[in-house]
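Novice: my questions are about this predicted structure, shown below with the sequence.
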Amino acid sequence: MDKSSALEYINQMFPTEASLCSVEPLMQKIQEMELDPKKFAELLDKIEAEADEFLLARNQMVENDKERNVNREALTALRKRARTTKTSVLSPFDSMMKDIHGSSTKPLVLEVCSTCGSHDSSEPTWMMLQGADLFAAIPFHAVHTMLEKSFILFTFFATLS
């Protein structure tokens, strides 16, 4: 294998500069050494192992992204069902100010979920449980709360990559 074909192989396996940082010292060794077949084979094995790790990490990023997108779509569908958006529901302070001039028997602060809004939060919503082929009727509020927490985790893991 000549120098140019080795470089082509590495460029194929590591398309970005960031992915090459661990391979660069190995390439320098290949260029400096005499073409001893055993050493060359060992270095190619190391390069292949690095490439495998890189491809596994990239595939994991793609899978995490897919899960995050499915989660986001589910949250959007629940918000449409409740006819709310992230900002369409009044904050507890706004609700308090609106109700302050009304009856004194009403509580001053109303707990209002920004996703549920005026939607019945106890309405059963079908959800497929993660890791099982099992559907369960879970209250609307619990479903979107679980999805929002999952979305935060997916976003966190996406920023680590």
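Specialist: Yep, it's here. Numbers count the residues shown, from 1 in each chain.

Novice: helices or strands up against the helix or strand hosting Pro25?
Specialist: Using DSSP states H and E, Pro25 maps to helix 24-32. Applying 3 or more CB pairs under 8 Å, 6 or more residues apart in numbering; DSSP states H and E, one finds that helix 24-32 makes contact with helix 3-13, helix 37-82. C-beta here means a position set from N, CA and C on the backbone, and glycine is covered the same way.

Novice: and Gln28, which of those is closest to it?
Specialist: Closest to Gln28 of those, according to CB to CB: helix 37-82, at 10.4 Å.

Novice: pLDDT on that closest one, on average?
Specialist: Mean pLDDT, computed over helix 37-82, is 88.

Novice: just want the angle from that helix to helix 24-32.
Specialist: Interaxial angle of helix 37-82 relative to helix 24-32 (axes from the mean of the first three to the mean of the last three CA atoms, to 10 degrees): 150 degrees.

Novice: which strands and helices sit next to helix 37-82?
Specialist: helix 3-13, helix 24-32, helix 140-160.

Novice: that older thread, in CSV, list the helices and strands packed on helix 24-32 along with mean neighbour count.
Specialist: Shown next, in CSV, are those (neighbours: other CB atoms under 10 Å):
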stretch, mean neighbour count
helix 3-13, 13
helix 37-82, 14
